[in-house]
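Colleague: can you look at this prediction? I've put the sequence above it.
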Amino acid sequence: MARSFLDNLARDLEAPIEARGFGSGWFSGFFGIVLAIAGLSFVAALRWPEFFAMPELEAVRNWAGFRTLIHVTLLTSYALALLSLLLRPRKAIGMTALVIALGATILGGASVQPEETRSWGIFFGVDFFAINMIATGLMFAPIERIFPHNAKQRLFRIEWREDLFYYLISSMLVQLITFLALAPSTFVMAKTGNLAEMRAWVGALPWLVQFALAMILTDLAQYWFHRLFHRVPFLWGFHAVHHSAKSMDWLAGARMHFVEIILLRGVTSLPLLTLGFAPSVMQAYIGMVYIYASLVHANLRGDFNGLGRWLVTPRYHHWHHAIEAEGVDKNFAIHFPLLDRLFGTYYFPDNKWPTGYGVPEAVPKGYLAQLKYPFVRKGS
């Protein structure tokens, strides 16, 4: 029965565009689900903070208006769920939103109190997942509908389930990923005590100067990291998972192999931690990168021929994912195309988009199969 309901939900979410028009109840159901999941995640983080909450977000949870936000989020999800149930002949979306919101309410809703728990020393960042989902999903899902490059591409396109699972895993396992990613930075910090004066100098720079410098240094590190993953066959096996997405939208950026996420974040953290950037600069940069990564993968129109020469735009990064030969091994920069110009990997033809995305090799479908792929791939 549960399997049948999930199949009905998937079919309803993947309904053709003509069945999603205004007044059909599709959008109210979809946003009802998003808000219900966000509300449930916040309630779980408050009820079992040792298991489901990030210590770094304690200030957010202690904010006086946080419980009011939860209350409004759940009430809005209820209203949208009921509206979808009233308007839509197929009830799977609205019923899902309603059940999730009811579950959050049963757990205590906005009045939830922490339960005594015995920490296992590991947590799942459901609060981080909820904030991440609100910051990116609720931002880009509507924008892609209003300003799409490919108007025929649906919100729940082929492979959306895979990419949503990647999105969930990378958010929920943020503690483990952060620990592994920061391990090399911790080692480097311990071995570079002679850089204390430089760290003090960097830390004394104006905040905006630090932020701009962080973007430049991390982009330089990521450029060569990115290029290395294209050139070394074994490393390409990890990166091929990211490039295997055949459609580009804000969710496609989440498709990254677990190993590559850890290595990439480790490389990104090195210049920030070892050179003494202020913690608030590092936090702001990381928050910006989450949104920026969604933006450059997004299904958004706009050629931006001029801007794309100086800042990475969706069309610029789409060429990096292009199936066409002229786009292969081009546009490695994450923020500044100047790096591609300097190192001979720039490709940005005026007013032209790729005709397709993906890789010529047969990357398997499914998270577990893709997790194993780099280790069993022929030629790795």
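Modeller: Thanks, I have the structure now. These numbers were taken from a predicted model, which means no experiment stands behind them. Residues are numbered from 1 along each chain as shown.
Colleague: which secondary structure element of the protein has the lowest mean pLDDT?
Modeller: helix 174-191 (a mean of 69; mean pLDDT, DSSP states H and E).
Colleague: average pLDDT for the helix or strand just after it, rounded please.
Modeller: Heading C-terminal from helix 174-191, the first helix or strand you meet, by DSSP states H and E, is helix 196-203. Here helix 196-203 scores 84 as its mean pLDDT.
Colleague: show me what contacts the residue nearest the centre of the chain?
Modeller: Note on the chain: the residue nearest the mean C-alpha position is residue 254, at 4.7 Å, using C-alpha atoms, centre = their mean. Residues near residue 254 by C-beta atoms under 8 Å, 6 or more residues apart in numbering: 163-164, 166-167, 170. (Glycine included, C-beta is placed from N, CA and C.)
Colleague: quick one: which of those is nearest to residue 305?
Modeller: residue 163 (28.9 Å; C-beta to C-beta).
Colleague: can you get me a residue count around the closest one?
Modeller: A count of neighbours around residue 163, defined by other C-beta atoms under 10 Å, yields 21.
Colleague: which neighbouring elements make contact with the helix or strand it falls within?
Modeller: Counting by DSSP H and E, the element that carries residue 163 is helix 160-172. The elements that helix 160-172 packs onto, with contact taken as 3 or more C-beta pairs under 8 Å, 6 or more residues apart in numbering; DSSP states H and E, are helix 126-132, helix 367-376.
Colleague: weakest of those by average pLDDT?
Modeller: Taking the mean pLDDT of the helices and strands packed on helix 160-172, helix 126-132 comes last: a mean of 71.
Colleague: any idea how far that helix is from the middle of the chain?
Modeller: 11 Å (C-alpha atoms, centre = their mean, to the nearest Å).
Colleague: show residues contacting it.
Modeller: 37-38, 41-42, 44-45, 52-54, 57, 60-61, 167-168, 171-172, 174, 290.
Colleague: pLDDT value on residue 69, please?
Modeller: Per the predicted model, pLDDT is 88 at residue 69.
Colleague: check contacts around it.
Modeller: residue 42.
Colleague: so how far is residue 43 from it?
Modeller: 12 Å (C-beta to C-beta, to the nearest Å).
Colleague: likewise for residue 9?
Modeller: From residue 9 to residue 43 the distance is 22 Å (C-beta to C-beta).
Colleague: between those two, which one's more packed in?
Modeller: Between residue 9 and residue 43, residue 43 has the larger neighbour count (other C-beta under 10 Å), namely 28 against 18.
Colleague: pLDDT below threshold where in the stretch 251-380 of the chain?
Modeller: 379-380 (pLDDT under 70).
Colleague: which residues of it fall in helices?
Modeller: In the stretch 251-380 of the chain, the helices defined using DSSP state H, counting those that start in this stretch lie at 258-274, 279-297, 314-320, 338-342, 367-376.
Colleague: against which helices or strands is the second one packed?
Modeller: The helices and strands touching helix 279-297, judged by 3+ C-beta pairs under 8 Å, 6+ apart, are helix 138-146, helix 207-231, helix 258-274, helix 314-320.
Colleague: kindly export it (C-alpha atoms) in CSV.
Modeller: What follows is helix 279-297, C-alpha atoms only, in CSV (Å, rounded to 0.1, in the frame of the first residue of the first chain):
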residue,chain,number,x,y,z
PRO,A,279,34.9,33.1,10.7
SER,A,280,32.0,35.3,9.6
VAL,A,281,33.7,35.6,6.2
MET,A,282,34.1,31.9,5.9
GLN,A,283,30.4,31.3,6.9
ALA,A,284,29.2,33.9,4.5
TYR,A,285,31.3,32.5,1.6
ILE,A,286,30.0,29.0,2.3
GLY,A,287,26.4,30.2,2.3
MET,A,288,26.9,32.1,-0.9
VAL,A,289,28.5,29.1,-2.6
TYR,A,290,25.4,26.9,-1.9
ILE,A,291,23.2,29.5,-3.6
TYR,A,292,25.7,30.2,-6.4
ALA,A,293,26.1,26.5,-7.2
SER,A,294,22.4,26.2,-7.6
LEU,A,295,22.3,29.4,-9.8
VAL,A,296,24.9,28.3,-12.3
HIS,A,297,23.3,24.9,-12.8
